[in-house]
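K.L.:
sequence plus predicted model, see below.
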Amino acid sequence: MTERSVGYVETKHHHLKEPFRLVSGDELAEVSIAYETYGKLNSDKSNVILICHALTGDAHAAGWHEEDKKPGWWDVVIGPGKAFDTNKYFVICSNVLGGCKGTTGPASTNPQSGLPYGLSFPRVTIEDMVNLQHTLLNNLGISSLYAIAGGSMGGMQVLQWAVSYPGFMKRAIVLASTAISSPQQIAFNEVARQAIIRDPYWNDGDYYGGQLPKQGLSLARMIGHITYLSDDSMHDKFGRDIRENEMFQVESYLHHQGDTFTSRFDPNSYLYLTGAVDNFDLSNGFSLAKSFSNIESEFMVISVSSDWLYPSYQSEEIVQALGSNDINVQYRKLISHFGHDAFLLEKGQLNYLLSTFLGHLTVGDVMSEDVSTLREGCTLEEAAQLMILKNATHIPILDASGRITGIVTSWDITGAVANKISSIEKILSRDILTSHPDENLSSAALIMEDHAISALPVVDERGCLVGILSSDTISAMVGRGAK
Ligand SMILES: CC(=O)SCCNC(=O)CCNC(=O)[C@H](O)C(C)(C)COP(=O)(O)OP(=O)(O)OC[C@H]1O[C@@H](n2cnc3c(N)ncnc32)[C@H](O)[C@@H]1OP(=O)(O)O
Ligand SMILES: N[C@@H](CCO)C(=O)O
């Protein structure tokens, strides 16, 4: 667990006292909502940020459960000093209606029959998910949001929120999403659904207490994963490498993702949630601009350069429709080869863009944690070799406990060669300027400008190196953000 984590967290459960009415008119007599919160609610309840999860996400967006091997699914941007800064904001994330991670869904018990709903669970829409989140917030005494954010199916919920409850939120962030599911998106979801339905154990959705249709669910997830990656990221991640058992790495990866998914997801939920995604069309088959005419919040819309499942044109449609209503909207593109899942992975760009939109940005948001270092007593040759190997221009020198004691730059090495100096001691700087992760980015940038330095080591309160902030990173971020 890192210092910038919300630490150990628990999922809470809220049980509605009243039946919940769906857009279709159907009613659910009993509904439970699983949710997590991070940070503290301020006295006037004006610091709430609602996070909406994607297809297979859940309420566990950040921090650690006792049994976790990995933190919550959006831990890269939620925590102290991160974009959704839990020192400032009260962050809430709940599992969607129809899900299988604590909120009522097809695997829940139907109070009328005492048996799992299965296919007797009513059809749910994105609007139903949003209405349930709205009910949860009302019941928690929250009547406005500082911001709302979500990627993919989470982005659909954000858009639906802005349309259904226009005065409720100040800022809305939509990532890698769409206002209208495309035929291609529906097509992939249908193949995944068919994989589940054609599994002999699916049994018309009545498999609870018996054999799960694991093969079908695993296949559905494998198809999903192909669409979440990109050609480039597959080359990078797997190439044509073979694993010991004569499988290509990419095959073994898909098998692993498919298999592990079956232990954490309910096949019927997959059918219901993909159905909700497919039926999402905020234009109502007519005009998106018209549907957006009541929206009051400011927007940030983010697409991913390599996302072919939710391509940038879909984000641009949202931006245009918002713009045509004079709604304040910023459009940004993550330059990433990760494909659709970049909205879960591009830590630096995400923290930069989200923090900027929310109104703050720290050194920790954009620093690189991957720093090449050398220990005290190293030689000039070792420093030069490491610079070439790692394409690094600044090498911090550390003592045995990780504290920074000096820094050597490529310019120092050039000087040493020109002046025939062979001792590193004679060229390295001992008087080092540093920053810390919580420092405001603009103040760190000013220090760099004032002292004409292109990289600033970042240290924790003990003086131990935790990252490096370089002017290249800052300009790349700003450049990327502006695209
Ligand atoms: C917003 C939401 O809704 S959150 C839901 C998102 N979370 C998920 O969907 C969980 C499933 N995972 C994913 O979608 C993606 O993996 C991400 C985006 C979350 C994470 O991406 P990355 O950090 O790049 O991880 P990656 O995709 O490499 O997966 C890592 C897993 O694959 C395994 N793996 C990697 N390469 C191989 C391989 N060649 N062969 C077999 N297994 C492999 C790893 O061992 C690891 O296993 P583990 O998860 O059981 O520990
Ligand atoms: N990997 C994410 C992306 C779906 O859009 C998920 O499984 O929810």
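P.N.:
Cool, the structure landed. Ligands and ions are numbered 1, 2, ... in the order given.

K.L.:
can I get stretch 303-314 in CSV? Just the C-alpha atoms.
P.N.:
Provided in CSV are the C-alpha atoms of stretch 303-314 (Å, rounded to 0.1, in the frame of the first residue of the first chain):
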residue,chain,number,x,y,z
SER,A,303,-11.5,9.9,-25.5
VAL,A,304,-8.5,7.5,-26.1
SER,A,305,-6.5,7.7,-29.3
SER,A,306,-6.3,3.9,-29.6
ASP,A,307,-9.8,3.0,-28.4
TRP,A,308,-11.5,1.3,-31.4
LEU,A,309,-14.4,0.0,-29.3
TYR,A,310,-15.5,3.5,-28.2
PRO,A,311,-13.8,5.6,-30.9
SER,A,312,-13.2,9.3,-30.5
TYR,A,313,-15.9,10.3,-32.9
GLN,A,314,-18.5,9.2,-30.3
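
K.L.:
what pLDDT, on average, does that stretch get?
P.N.:
Stretch 303-314 shows a mean pLDDT of 98.

K.L.:
ok, residues contacting that stretch?
P.N.:
Identification of contacts with stretch 303-314 by CB atoms under 8 Å, 6 or more residues apart in numbering yields 152, 175-180, 182, 184-185, 188, 227-228, 230, 232-233, 315-316, 331-340, 342-343, 346. No exception for glycine: its C-beta is placed from N, CA and C like everyone else's.

K.L.:
of those residues, buried ones?
P.N.:
Buried by 16 or more other CB atoms under 10 Å: 152, 175-180, 185, 188, 227-228, 230, 233, 315, 331-340, 342-343, 346, out of the contacts of stretch 303-314.

K.L.:
pass me the low-pLDDT residue ranges in this structure, would you?
P.N.:
1-3, 360, 476-483 (pLDDT under 70).

K.L.:
report the closest residue of it relative to ligand 1.
P.N.:
The minimum distance from the chain to ligand 1, using CB to the nearest ligand atom, falls at Gly57 (2.3 Å).

K.L.:
can you pull the contacts of that residue?
P.N.:
Counting by CB under 8 Å, 6+ apart, the residues that Gly57 touches are Trp73, Gly154.

K.L.:
rewinding a little: near ligand 2, list only the ones from the buried ones among the contacts of stretch 303-314.
P.N.:
Counting by CB under 6 Å from any ligand atom, Ser152, Tyr228 from those sit close to ligand 2.

K.L.:
out of the buried ones among the contacts of stretch 303-314, which are inside strands?
P.N.:
Among those, DSSP state E puts Leu175, Tyr331, Arg332, Lys333, Leu334 in strands.

K.L.:
what's across from the fourth one in the sheet?
P.N.:
Beta-bridge pairing of Lys333, defined through DSSP bridges, involves Ser303.

K.L.:
and the residue nearest to Phe90 when sequence neighbours are not counted, helix, strand or coil?
P.N.:
The spatially closest residue to Phe90, leaving aside those adjacent along the chain, is Leu41, at 4.3 Å (CB to CB, 6 or more residues apart in numbering). Classification of Leu41 by DSSP: H, G, I helix; E, B strand; the rest coil places it in coil.

K.L.:
pretty sure Leu41 is touching Val48, no?
P.N.:
Yes. With contact defined as CB atoms under 8 Å, Leu41 reaches Val48; the gap is 6.9 Å.

K.L.:
neighbour count winner among these two?
P.N.:
Val48 (23 against 16; other CB atoms under 10 Å).

K.L.:
let me see the contact set for the more buried one.
P.N.:
Leu41, Tyr89, Phe90, Val91, Ile92, Leu137, Ile142, Ser144, Leu145, Tyr146.

K.L.:
show me what the helix or strand where the fourth one lies is packed against.
P.N.:
When secondary structure is defined by DSSP states H and E, Val91 falls within strand 90-94. Counting contacts by 3 or more CB pairs under 8 Å, 6 or more residues apart in numbering; DSSP states H and E, strand 90-94 is packed against strand 32-38, strand 48-52, helix 126-139.

K.L.:
any idea how far Ala162 is from Asn294?
P.N.:
Between Asn294 and Ala162 the distance, using CB to CB, to the nearest Å, works out to 9 Å.

K.L.:
of the two, which one has the most company?
P.N.:
Ala162 (25 against 13).

K.L.:
thinking that one is in contact with Ile173, fair?
P.N.:
No. Ala162 is beyond contact range of Ile173, at 10.6 Å (criterion: CB under 8 Å).

K.L.:
shared neighbours of those two, anything?
P.N.:
Common neighbours of Ala162 and Ile173, using CB under 8 Å, 6+ apart, are Ile148, Phe299.

K.L.:
tell me who's in contact with Trp411.
P.N.:
Trp411 sits next to Thr393 when contact means CB under 8 Å, 6+ apart.

K.L.:
in a helix, that's where it is, yeah?
P.N.:
Yes. With three-state DSSP as the criterion, Trp411 is part of a helix.

K.L.:
any idea how far it lies from Ser435?
P.N.:
For Trp411, the distance to Ser435 - CB to CB - is 20 Å.

K.L.:
can you check Gln184 too?
P.N.:
45 Å.

K.L.:
for Ile421, same thing?
P.N.:
Counting by CB to CB - Ile421 and Ser435 are separated by 29 Å.

K.L.:
of these two, which one has the most company?
P.N.:
Neighbour count, other CB under 10 Å: between Ile421 and Ser435, Ser435 has more, with 25 against 15.

K.L.:
tell me the phi and psi of the more buried one?
P.N.:
In terms of degrees, to the nearest 10, the main-chain angles of Ser435 are phi -130, psi 180.

K.L.:
ok, now Val163?
P.N.:
Torsion angles, degrees, to the nearest 10, at Val163: phi -80, psi -40.

K.L.:
for it, give me its contacts.
P.N.:
For Val163, the contact set (CB under 8 Å, 6+ apart) comprises Leu282, Ser291, Phe292, Asn294, Ile295.

K.L.:
any chance of the backbone angles for Thr362?
P.N.:
Note on Thr362: its backbone torsions stand at phi -120, psi 170 [degrees, to the nearest 10].

K.L.:
neighbours of it, just the number please.
P.N.:
Thr362: 24 neighbours (other CB under 10 Å).

K.L.:
wait, isn't it in contact with Ser443?
P.N.:
No. In this structure, Thr362 is not within contact of Ser443 by CB under 8 Å, at 9.8 Å.

K.L.:
which bits of this structure sit near ligand 2?
P.N.:
Residues of the chain lying near ligand 2 (CB under 6 Å from any ligand atom): Ala54, Leu55, Thr56, Gly57, Ser152, Met153, Tyr228, Asp341.

K.L.:
can I get those residues in JSON lines including distance to Gly275?
P.N.:
As requested, the residues of the chain next to ligand 2 are exported to JSON lines (distance: CB to CB, whole Å):
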{"residue": "Ala54", "distance to Gly275": "15"}
{"residue": "Leu55", "distance to Gly275": "11"}
{"residue": "Thr56", "distance to Gly275": "14"}
{"residue": "Gly57", "distance to Gly275": "17"}
{"residue": "Ser152", "distance to Gly275": "15"}
{"residue": "Met153", "distance to Gly275": "12"}
{"residue": "Tyr228", "distance to Gly275": "19"}
{"residue": "Asp341", "distance to Gly275": "22"}
